[in-house]
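*Asks:* Quick one, what's the 3D model for this:
(2 chains)
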Amino acid sequence: MRVIFMGTPDFAIPVLEALTTKHTVIAVYTQPPRPAGKGYHLTPSPVHQKAASFGIPVYTPISLKNEEEQKKFAALKADVAVVCAYGLILPATVLNTPLKGCINIHASLLPRWRGAAPIQRAIEAGDSESGITIMQMDVGLDTGDMLLKKSCPITAETTGESLHDTLSTMGAELILKALDENMQPQPQPTKGVTYAEKIQKDESLIDWALPADQLAHKIMAFYSYPATYTVYHGERIKILKAHATQLTTDQAVGTILDSNLHIACKNGTVLQIDFLQRAGKKALSTADFMQSDFLKIGDLFCATN
RNA sequence: CGCGGGGUAGAGCAGUUCGGUAGCUUGCCAGGCUCAUAACCUGGAGGUCGUGAGGUUCAAAUCCCACCCCCGCAA
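*Replies:* Numbering: from 1, shown residues only, chains lettered A, B, ... in the order given. Coordinates of the predicted model:
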């Protein structure tokens, strides 16, 4: 089939690669290059770079809501458009242009976690499973009829990064299957709808006045990007991995209880930090980190900047 | 030229301001002791101090120059 691929971040790369093995990818749409990295250089998106290495024509419109872009899109005469973490709204005209419409790869078990950050929100909420849903796009936000669905477990060791990688691979497999076989579209259930809000910058700051298990979920969800952090004597410290413990304490929330980095949380619950990083330093395990005497037992982590 | 921190023993760091024998903690090896809740004591191995047969100097981890690499902010 003649396929248009629309995607932007790393997550979409395996999908693009998979498509090129079985179909003719006639064009790739992705977000325009943005300033990024040290030096603020204009950097093409990961999908942009990958497409360029394949020699596939790349389009980077700022919007698809104007007629001119829509004409260009139609002129490609695609059989189908595959959309994966593209980051632009597709108007109805665009959705209806390809013969088989636009098919989306979404990183959740719809209708749970519609929206921008389904991977992190699922872990943060303490869900026991996540997955991929392939759907026929309509004008709503992730509301289209479902073609394929596959789940995977979330454990205490699952991080945003590991789940991202798992689902990315899974998405690549499922999209090929969905294109090959003639799947019967099924409407999404009307019950169980939740929305995965985009992650805001201020969410990364840890509030120690929350229960340990809740914090553990959030810390693991935010690993490795954007990562949670706390403040110690005015310096930012990334808390990269942690787990809730069965211990209890009567110390104030945010107190560093011992050299194993057990930290007091709400209602005397105790979180143990496993992996952390000072600004400008390497990420270290708790054992390595505590070889310096930077953190003093009994001191408090702050919940404000 | 967006702002900033860093590269010294397997790991984590001090030493650099003001040049003068390579240090600390931990880990590892050997021995001792018999302990408590990162056990303790003694001894030992382990380092081209990121790179450049660079520059300055009687002398460079330290000052100067160039380059490489890692990371925080920001996106």
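*Asks:* What residue in chain A is the furthest from its centre?
*Replies:* Largest separation from the mean C-alpha position in chain A: A:Asp250, at 36.2 Å (CA atoms, centre = their mean).
*Asks:* Go ahead and report the secondary structure state at it.
*Replies:* The three-state assignment at A:Asp250 reads coil, by DSSP: H, G, I helix; E, B strand; the rest coil.
*Asks:* Next up, the contacts around the nearest residue to it once chain neighbours are set aside.
*Replies:* Distances taken as CB to CB, 6 or more residues apart in numbering place A:Gly268 nearest to A:Asp250, at 6.1 Å, with adjacent residues excluded. For glycine as for every other residue, the C-beta is placed from the backbone atoms N, C-alpha and C. Taking CB atoms under 8 Å, 6 or more residues apart in numbering as the criterion, A:Gly268 is in contact with A:Thr248, A:Thr249, A:Asp250.
*Asks:* Look up how far RNA strand B lies from A:Leu170.
*Replies:* I think there's a mix-up here, since residue A:170 is Met and not Leu. 25 Å (CB to the nearest atom of the strand, to the nearest Å).
*Asks:* What does A:Cys84 show for phi and psi?
*Replies:* With angles defined as degrees, to the nearest 10, A:Cys84 shows backbone torsions of phi -150, psi 110.
*Asks:* max-length helix in chain A?
*Replies:* helix A:160-180 (DSSP state H).
*Asks:* Tell me the helix or strand right after it.
*Replies:* strand A:195-196 (DSSP states H and E).
*Asks:* what are the pairing partners of that following strand, and which direction each?
*Replies:* strand A:114-115 (parallel) (DSSP bridges).
*Asks:* who's in contact with the strand it pairs with?
*Replies:* For strand A:114-115, contacts defined as CB under 8 Å, 6+ apart pick out A:His106, A:Ser108, A:Leu141, A:Asp142, A:Thr143, A:Val193, A:Thr194, A:Tyr195, A:Ala196, A:Glu197, A:Lys198.
*Asks:* Need the residues you listed in TSV (columns: distance to RNA strand B).
*Replies:* Formatted as TSV, the contacts of strand A:114-115 follow (distance: CB to the nearest atom of the strand, whole Å):
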residue	distance to RNA strand B
A:His106	23
A:Ser108	23
A:Leu141	22
A:Asp142	23
A:Thr143	28
A:Val193	30
A:Thr194	26
A:Tyr195	23
A:Ala196	19
A:Glu197	17
A:Lys198	13
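*Asks:* Make a ChimeraX selection of whichever of those residues turn out to be buried.
*Replies:* Of the contacts of strand A:114-115, the buried ones can be selected in ChimeraX as follows, counting by 16 or more other CB atoms under 10 Å:
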select /A:106,108,142,194,196
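*Asks:* Now render the contacts of strand A:114-115 as TSV, adding pLDDT and distance to A:Pro98.
*Replies:* Below are the contacts of strand A:114-115 laid out as TSV (pLDDT from 0 to 100; distance: CB to CB, whole Å):
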residue	pLDDT	distance to A:Pro98
A:His106	98	18
A:Ser108	98	24
A:Leu141	96	20
A:Asp142	97	19
A:Thr143	97	19
A:Val193	97	27
A:Thr194	97	30
A:Tyr195	97	27
A:Ala196	97	27
A:Glu197	96	30
A:Lys198	95	27
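*Asks:* Could I get the average pLDDT for stretch A:202-210?
*Replies:* The average pLDDT within stretch A:202-210 is 95.
*Asks:* C-alpha coordinates for that stretch, PDB please?
*Replies:* As requested, the backbone C-alpha atoms of stretch A:202-210 are provided in PDB (Å, rounded to 0.1, in the frame of the first residue of the first chain):
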ATOM      1  CA  ASP A 202       5.800  21.800  37.800                       C
ATOM      2  CA  GLU A 203       4.700  18.200  38.200                       C
ATOM      3  CA  SER A 204       8.300  17.100  38.400                       C
ATOM      4  CA  LEU A 205       8.800  18.600  41.800                       C
ATOM      5  CA  ILE A 206       8.200  15.900  44.500                       C
ATOM      6  CA  ASP A 207       5.700  16.700  47.200                       C
ATOM      7  CA  TRP A 208       6.800  14.600  50.200                       C
ATOM      8  CA  ALA A 209       3.500  15.200  51.800                       C
ATOM      9  CA  LEU A 210       2.000  12.500  49.600                       C
END
